[in-house]
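Visitor: Structure for this input, please:
(2 chains)
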Amino acid sequence: MSLEELQQLQVIMYTVMAGILVVLLYSYIIYLYRSEKKGEKDFEKYSSLVLDDELDSKLLDENLKASNDKKE
Amino acid sequence: MQSNASLEYDYTVAKWFTWTAVIFGIVGMTIGVLIASQLAFPDLNYLLGEYGTFSRLRPLHTNVVIYGFTLSGVWASFYYSAPRVLKVSMGESKVVNGIGKLHFFLYLIAAASMVLSLGMGITANKEYAQMEWPLDILIVVIWVLWGVAMFGLIGLRREKTLYISLWYYIACFLGVAMLYLFNNMEVPTMLFSGGVGAWYHSVSMYAGTNDALIQWWWGHNAVAFVFTVPIIAIIYYFLPKESGQAIYSYKLSLAAFWGLMFVYLWAGAHHLIWSTVPDWMQTMGSVFSVVLILPSWGSAINMLLTMKGEWNQLTENPLIKFMVLASTFYMLSTLEGPIQAVKSVNAIAHFTDWIPGHVHDGVLGWVAFMIFAALMHMAPRVFKREIYSKSLLESQFWIQTIGVVLYFTSMWIAGITQGMMWRAVDEYGNLVYSFIDTVSVLHPYYAIRALGGLLYLIGVFMFAWNFFKTATAGRRLEQEPRYRSPMA
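Guide: Residues are numbered from 1 along each chain as shown, chains lettered A, B, ... in the order given. Just a heads-up that it's a prediction; the model follows:
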């Protein structure tokens, strides 16, 4: 492969990769808003992870794996 | 699971890192003021022989403020806030706690060795990567220890969901790990030259343009993953906590996170505009830098809107002042950076004083303000004492704000003047000005910059005194404050 062909390949790969990442990023943003609109997810509740961060604060989503490990 | 009433958060490691942040802040910024003064008054270069010259002190300044002050602040905030959002105490696991402590002690050794070696003039000669290979290896070990402590805590967590701050800390860990390894690939000269030279010297594994590309892939992403990502982690925890307000939009924080991750890694080539790297790469670096405004402003606006309906706190609480002004400075510098990355602007801005001006409105206004606010928010919790003086904190805020404004405005004017003078040609195409002409014109602005830096440094000393007095003489607190930090 000549140097020119290699440089051409670099440009194509860079552009394709950037394109794929743009699609992925926008799909994720659409997913965030659509899933909440449909009532499948509530992302905003996670803001309270900071406000209620004492060791005895009520858990938002319990990590069952860790609690099972600790019980054993 | 909720039988943790007798358990308390263990702040030992966080507390240790707060002190190194204070000490390295003083050291790094004192050197900064000295070298700023040397640029205005060159005779100051001869105070300490070879150890006091600008060329010796400049890498010491950058490395101490980045890897001493900033990283200590980041780790203090991490070891304080990560256990809280995961609802697990460091003290619950001897292994994780031990690794956290080992992380601190090895870091202390590495940081002290960094100061000594750079002070002695031992350098790998790559910007923001001056440490020689033995220290690089030690830093990899330290970084891995932080990773083990972080993922250890995550493994032990009671709360299943990782709060957005943790996403940013993880990004900082992974981003720096990858970039640091690639950029610091170096060949110890003694091993490959038949014993010539000192054992600790090395040369980069890359050459010419490739070296420049890797260097600025790292250099710019050191700004991304040391000065931006972990500081966003800090503000996403400390601003809501101090104000008692939920983040304006959690979804925006997630979208901005992935936007930032996607765009930042590609922007480093803007440091090499009009250089020998391929033209398409320069253009992509420029384009991605402009796109970077979106995720950066996404986080900053999210923070400002978090204060919606609670703007009275801005006048009542100096810590809120620091954090709100920090997000405003973040907006300013993430608009200014992309402007400088536009090819036509870069033709004037490159190599001028506008660049350090831009860097410093980001680091002094955004990074250091956030670290000061986070450390002071932590102080009443880790020392169980009221903040020693609210008025001292207020005065620090105003003195430092004036300092930052003097710094970046003088450098804006100096940089643009410099860029225009360098390019000025007469009707025959000859350069109108010699280098010394620009130096004479810029002298007053260099003096103003040094004054701005001095004001900021006075603020650092005020902070250090307030922090020390809080730890030793603040009024004792019976209960840990929930939101707003108590101050006398």
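Visitor: Can you pull up the most central residue in the chain?
Guide: Chain wasn't specified; assuming chain A. Nearest to the geometric centre of chain A sits A:Y28, at 7.5 Å (C-alpha atoms, centre = their mean).
Visitor: actually it's chain B I care about, not the one you picked
Guide: B:F227 (3.7 Å).
Visitor: ok, now how distant is A:Q8 from B:H270?
Guide: For A:Q8, the distance to B:H270 (C-beta to C-beta, to the nearest Å) stands at 23 Å. In short, each C-beta sits where N, CA and C put it, glycine included.
Visitor: who has more neighbours, those two?
Guide: More crowded of A:Q8 and B:H270, by other C-beta atoms under 10 Å in any protein chain shown: B:H270, with 27 against 12.
Visitor: Quick check: residues of chain A near chain B?
Guide: By C-beta under 8 Å from any C-beta of the partner chain, the residues of chain A that approach chain B are A:7, A:10-11, A:14, A:18, A:21-22, A:25, A:28-29, A:32-33, A:36, A:43-51, A:53-64, A:66-67.
Visitor: so what's the nearest residue to B:F227 once chain neighbours are set aside up against?
Guide: With sequence-adjacent residues excluded and distances taken as C-beta to C-beta, 6 or more residues apart in numbering or on different chains, B:F227 is closest to B:V367, at 5.2 Å. Contacts for B:V367 (C-beta atoms under 8 Å, 6 or more residues apart in numbering or on different chains) come out as B:70, B:227, B:231.
Visitor: among those residues, which one has the lowest pLDDT?
Guide: Minimum pLDDT for the contacts of B:V367 is recorded at B:F227 (90).
Visitor: Wait, it touches B:G362, no?
Guide: Yes. With contact defined as C-beta atoms under 8 Å, B:F227 counts as touching B:G362 (6.6 Å).
Visitor: rewinding a little: let me see the contact set for the residue nearest to the centre of chain A.
Guide: B:254-255, B:258.
Visitor: swap in B:L71?
Guide: Residues counted as contacts of B:L71 (C-beta under 8 Å, 6+ apart) are B:107, B:226.
Visitor: run the last query once more with 7 Å
Guide: B:L71 makes contact with B:V226 under the criterion C-beta atoms under 7 Å, 6 or more residues apart in numbering or on different chains.
Visitor: Let me see the ranges of the helices in chain A.
Guide: Taking DSSP state H as the test, the helices found in chain A are A:3-37, A:48-51, A:64-71.
Visitor: closest to B:T189 out of those?
Guide: In terms of C-beta to C-beta, the element of these nearest to B:T189 is helix A:3-37, at 30.5 Å.
Visitor: Buried residues of the closest one, list them for me.
Guide: Neighbour-count burial for helix A:3-37, with 16 or more other C-beta atoms under 10 Å in any protein chain shown as criterion, is recorded at A:18, A:21, A:25, A:29, A:32.
Visitor: Let me know the helix or strand that the residue located most distally from the centre of chain B is in.
Guide: What lies farthest from the middle of chain B is B:Y428; by C-alpha atoms, centre = their mean that is 46.0 Å. Using DSSP states H and E, B:Y428 sits in no helix or strand.
Visitor: Point to the helix or strand of chain A where mean pLDDT is at its lowest.
Guide: None of the helices or strands of chain A scores lower by mean pLDDT, DSSP states H and E than helix A:64-71, at a mean of 66.
Visitor: ok, back up a step: quick check: which of the helices of chain A is nearest to B:K126?
Guide: helix A:3-37 (24.0 Å).
Visitor: Any idea how far the closest one is from the middle of the chain?
Guide: 16 Å (C-alpha atoms, centre = their mean, to the nearest Å).
Visitor: do the same with stretch B:103-121
Guide: On C-alpha atoms, centre = their mean, the centre of stretch B:103-121 falls 18 Å from the chain's centre.
Visitor: so who does residue 44 touch?
Guide: If you meant another chain, say so; for now it's chain A. For A:E44, the contacting residues are B:Y250, by C-beta under 7 Å, 6+ apart.
Visitor: Switch to chain B, please.
Guide: Listed by C-beta under 7 Å, 6+ apart, the contact partners of B:L44 are B:34, B:37-38.
Visitor: any idea how far the closest residue to A:D42 other than its chain neighbours lies from B:S289?
Guide: Distance criterion C-beta to C-beta, 6+ apart; nearest residue to A:D42, sequence neighbours excluded, is A:E36 at 6.6 Å. Using C-beta to C-beta, one gets 31 Å for the distance from A:E36 to B:S289.
Visitor: B:E132 is in contact with B:K126, isn't it?
Guide: No. Using C-beta atoms under 7 Å as the test, B:E132 is too far from B:K126 to be in contact (10.5 Å).
Visitor: between these two, which one's more packed in?
Guide: B:E132 (23 against 19).
Visitor: ok, residues contacting stretch B:107-117?
Guide: The contact list for stretch B:107-117 (C-beta under 7 Å, 6+ apart) reads B:20, B:24, B:60, B:63-64, B:67-68, B:131-132, B:135, B:138-139, B:142.
Visitor: ugh, typo on my part, it should be stretch B:310-320
Guide: B:242-243, B:245, B:307, B:321, B:324, B:373, B:376-377, B:390, B:393-394, B:397, B:484-485.
Visitor: Contact partners for whichever residue of the stretch 301-450 of chain B sits closest to chain A?
Guide: Using C-beta to the nearest C-beta, the single residue of the stretch 301-450 of chain B nearest to chain A is B:T306, 8.9 Å away. With contact taken as C-beta under 7 Å, 6+ apart, B:T306 is in contact with B:239-240, B:243, B:245, B:247-248.
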